[in-house]
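Peer 1: return a 3D structure for these sequence lines:
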Amino acid sequence: MADMNYTYEPVTTDVSVNQQTHRMEGGQLWRQYIIAGVANIAITATGFSMGWTSPVNLKLQNVTDSPLDRPITSNEEAWIGSLLNIGAIIGPFIGGLAASKIGRKWGLIVSSVPLFIGWLLVAIATNVGLIYAGRIFWGIAVGMLFTISPMYCAEIATDEVRGALGSFLQAFITIGFLLVYSIGPFISYSAIAYIGVAIVAIFDIIFFFMPESPVYHLSKNDRQSASQSLATIRGKSEAGVQAELDKMAADVKAAMDKTATIKDVFRGGNFKAFYISCALVFFQQFSGINVVLFYMTNIFNAAGSDLDPAIATIIIGAVQVGASCVTPFVVDRLGRRILLLISSCGTAIGLALLGMYFILAEKENPIAETISFLPVLSLVLFIITYCWGLGPLPWAVMAELMPMEVKAIAAPIATAFCWMLSFLVTRYFNSIADALGMYVAFWLFGVCCIVSFFFAMFVVPETKGKSLQEIEAILSGRARKEDKA
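Peer 2: Got it, this is the predicted structure:
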């Protein structure tokens, strides 16, 4: 965007009249929630794709239910679980380019293409190679969506609801997980694919009628379209949004006047925003969340729980949705840091209990039989507290911390880093569990959650209620200097 000639054209209407109109028009806050919710239907589609392995792994091990002519091996199962992450490492760079070239709205719509291709490959699969390819295409879409969706939600949101809209990603992805957990065990392999296609189609049809981000229009020097878009999002007349649009236009112009390169990501406040974002996604992935989600049915089978693994998985999925729906309502009241602290503490306890159960079961301790409920209880605690902080907040905080001029460069790198970690965790979890014991793997994840607690306490800045400019000042140290002055 550095080569664009941006001309700032102040509105000709009297500013005092604009401000008076702005005060008189209260706007419709619900519009921001609706628009962000529709945008995140695509995230539901990714949740459905990511959770697909939990019910389908069992089908692929049974020739009667599988499209393949033989059961898959444990090594093939590991690759099926992890290859989505390979695509997700590539996706953020495609997503970042699409967001800057064709816009946030069309970038989100285009992300449905690899989702459709993935479902087509999975639906017609007669060998493991086609399933591998389908998972990679799903991953590309996941990487694109996890880059563009938080960007879109942050840019359409007012300061007081930006945290809530940023938390939508986690809430909607859990809906996708619950859906595939609930119906996957009870319908055919092909039927699951048809439902996956239907979710993507619903997103494309409805989101087509949603507005583009006004920030994108301003970056293209199209103030009129930005005005119309912002008026639609706020539920006001165009005159009523001119004061906000003036400030937004000035911020966009200031960001575009700075020529951002990869070197700028590693300087001053930009680097602080970048390493905090990378650290948060590291703790998110090394909490073991994707291991739990991808291999949930396997975990219950290994634990020998009395509860039907399919039913237990549905319970966990429902808990996940319920917990994720809490965060948008409290994140802008309690703040990001306190939720991260609660989340890190709760996930560490849940993983410790899960590890304790598995070591008792491995040693054939009779106590394990009397506490067969513990895996479900531990995972419920883990999922609830994960969904309160470590799940949604790394993405919301990343969208808030990164300045506009470096976001297109830094956000895809941080997102790709996240999925690289996810690949390593999902690909080698079974190997570690087989070599050292499943309890060791869960305790390693628990230690990472403890480290996350202290990182959130001492390093992550609180962004509750602050504008993007105020956050940038905190990261660069200007805020502290001004306080001392």
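
Peer 1: helices of the stretch 351-485 of the chain, start to end?
Peer 2: Using DSSP state H, counting those that start in this stretch, the helices of the stretch 351-485 of the chain run over residues 367-370, 374-388, 393-401, 404-436, 438-458, 468-476, 478-484.

Peer 1: and among those, the most buried is which?
Peer 2: Compared across these, helix 393-401 shows the largest average neighbour count, a mean of 27 (mean count of other CB atoms under 10 Å). (C-beta placed from N, C-alpha, C; glycine too.)

Peer 1: if we can go back for a sec, so which of the helices of the stretch 351-485 of the chain gets nearest Ser190?
Peer 2: Distance to Ser190, taken as CB to CB, is lowest for helix 404-436 among the helices of the stretch 351-485 of the chain, at 24.9 Å.

Peer 1: so what does that closest one touch, helix or strand wise?
Peer 2: With contacts taken as 3 or more CB pairs under 8 Å, 6 or more residues apart in numbering; DSSP states H and E, helix 404-436 sits against helix 74-101, helix 128-156, helix 242-257, helix 268-285, helix 289-294, helix 393-401, helix 438-458.

Peer 1: element containing Leu232?
Peer 2: Slight slip there: residue 232 is Thr, not Leu. Using DSSP states H and E, Thr232 sits in helix 223-234.

Peer 1: which strands or helices does that helix pack on?
Peer 2: helix 30-39, helix 214-219, helix 242-257.

Peer 1: C-terminal to the first one, what's the next element?
Peer 2: Right, helix 30-39. Using DSSP H and E, the helix or strand that follows helix 30-39 in sequence is helix 41-50.

Peer 1: tell me how far that next one is from the chain's mean position?
Peer 2: Chain-centre distance of helix 41-50: 10 Å, with CA atoms, centre = their mean, to the nearest Å.

Peer 1: re the thing from before, any idea of the angle the helix holding Thr232 forms with helix 242-257?
Peer 2: 120 degrees (axes from the mean of the first three to the mean of the last three CA atoms, to 10 degrees).

Peer 1: how long is stretch 199-218 end to end?
Peer 2: Length of stretch 199-218, first residue to last, CA to CA, to the nearest Å: 32 Å.

Peer 1: quick check: buried residues in that stretch?
Peer 2: 199-200, 203-204, 207, 210-218 (16 or more other CB atoms under 10 Å).

Peer 1: and it, how far out from the chain middle?
Peer 2: With CA atoms, centre = their mean as the basis, stretch 199-218 stands 18 Å off its chain's centre.

Peer 1: let me see the mean pLDDT of that stretch.
Peer 2: Averaging pLDDT along stretch 199-218 yields 96.

Peer 1: contact partners of it?
Peer 2: Identification of contacts with stretch 199-218 by CB atoms under 8 Å, 6 or more residues apart in numbering yields 35, 38-39, 41-42, 44-45, 48, 99, 103-106, 108-109, 112, 115-116, 119, 151-152, 155-156, 176, 179, 223, 225-230, 232-233, 245, 248-249, 252-253, 404.

Peer 1: quick one, which of those residues are buried?
Peer 2: Among the contacts of stretch 199-218, those buried by neighbour count (16+ other CB under 10 Å) are 35, 38-39, 41-42, 44-45, 48, 99, 103-106, 108-109, 112, 115-116, 119, 151-152, 155-156, 176, 179, 223, 226-230, 232-233, 245, 248-249, 252, 404.

Peer 1: quick one: contacts for the closest residue to Ser344 other than its chain neighbours?
Peer 2: Closest residue to Ser344 apart from its sequence neighbours, by CB to CB, 6 or more residues apart in numbering: Phe453 at 3.8 Å. By CB under 8 Å, 6+ apart, the contact list for Phe453 reads 341, 344-345, 348.

Peer 1: okay, and which of the residues you listed map to helices?
Peer 2: 341, 344-345, 348 (DSSP state H).

Peer 1: of those, which is the most crowded?
Peer 2: Highest neighbour count within the ones in helices among the contacts of Phe453, by other CB atoms under 10 Å: Ser344, with 26 neighbours.

Peer 1: doesn't Trp388 make contact with that one?
Peer 2: No: between Ser344 and Trp388 there is no contact under CB atoms under 8 Å: 10.1 Å.

Peer 1: got any ranges where the stretch 151-300 of the chain has weak pLDDT?
Peer 2: 257-260, 293-300 (pLDDT under 70).

Peer 1: quick one: Ala254 from Ala416, how far?
Peer 2: Look at Ala254 and Ala416: by CB to CB, to the nearest Å, they are 28 Å apart.

Peer 1: with only the CA atoms kept, save the helix or strand containing Trp119 in PDB.
Peer 2: Using DSSP H and E, the element containing Trp119 is helix 112-123. What follows is helix 112-123 as a C-alpha-only set of coordinates in PDB (Å, rounded to 0.1, in the frame of the first residue of the first chain):
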ATOM      1  CA  SER A 112     -14.500 -20.100   0.700                       C
ATOM      2  CA  VAL A 113     -12.900 -21.300  -2.500                       C
ATOM      3  CA  PRO A 114     -10.300 -23.600  -0.800                       C
ATOM      4  CA  LEU A 115     -13.000 -24.700   1.600                       C
ATOM      5  CA  PHE A 116     -15.200 -25.900  -1.300                       C
ATOM      6  CA  ILE A 117     -12.200 -27.600  -3.000                       C
ATOM      7  CA  GLY A 118     -11.300 -29.300   0.200                       C
ATOM      8  CA  TRP A 119     -14.800 -30.700   0.700                       C
ATOM      9  CA  LEU A 120     -15.000 -31.800  -2.900                       C
ATOM     10  CA  LEU A 121     -11.700 -33.800  -2.500                       C
ATOM     11  CA  VAL A 122     -12.800 -35.300   0.800                       C
ATOM     12  CA  ALA A 123     -16.200 -36.200  -0.600                       C
END
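
Peer 1: of the helices and strands packed on helix 223-234, which is nearest Ala435?
Peer 2: Within these, the stretch nearest Ala435 is helix 30-39; the backing value is 42.4 Å (CB to CB).

Peer 1: tell me the mean pLDDT over that closest one?
Peer 2: 94.

Peer 1: and that helix, what's buried?
Peer 2: 31-33, 35-39.

Peer 1: go on, stretch 61-74?
Peer 2: Across stretch 61-74, burial judged by 16+ other CB under 10 Å covers 61, 66-68, 72.

Peer 1: how about stretch 237-251?
Peer 2: For stretch 237-251, the neighbour count (16+ other CB under 10 Å) marks 238-246, 248-249, 251 as buried.

Peer 1: from those, which two are the most distant?
Peer 2: Pairwise distances across those peak at 20.5 Å for Ala239 and Asp251 (criterion: CB to CB).

Peer 1: put together JSON lines for the buried residues of stretch 237-251, with distance to Asn270 on each row.
Peer 2: Listed next are the buried residues of stretch 237-251 as JSON lines, based on distance: CB to CB, whole Å:
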{"residue": "Glu238", "distance to Asn270": "34"}
{"residue": "Ala239", "distance to Asn270": "36"}
{"residue": "Gly240", "distance to Asn270": "34"}
{"residue": "Val241", "distance to Asn270": "30"}
{"residue": "Gln242", "distance to Asn270": "31"}
{"residue": "Ala243", "distance to Asn270": "29"}
{"residue": "Glu244", "distance to Asn270": "26"}
{"residue": "Leu245", "distance to Asn270": "26"}
{"residue": "Asp246", "distance to Asn270": "26"}
{"residue": "Met248", "distance to Asn270": "21"}
{"residue": "Ala249", "distance to Asn270": "22"}
{"residue": "Asp251", "distance to Asn270": "16"}
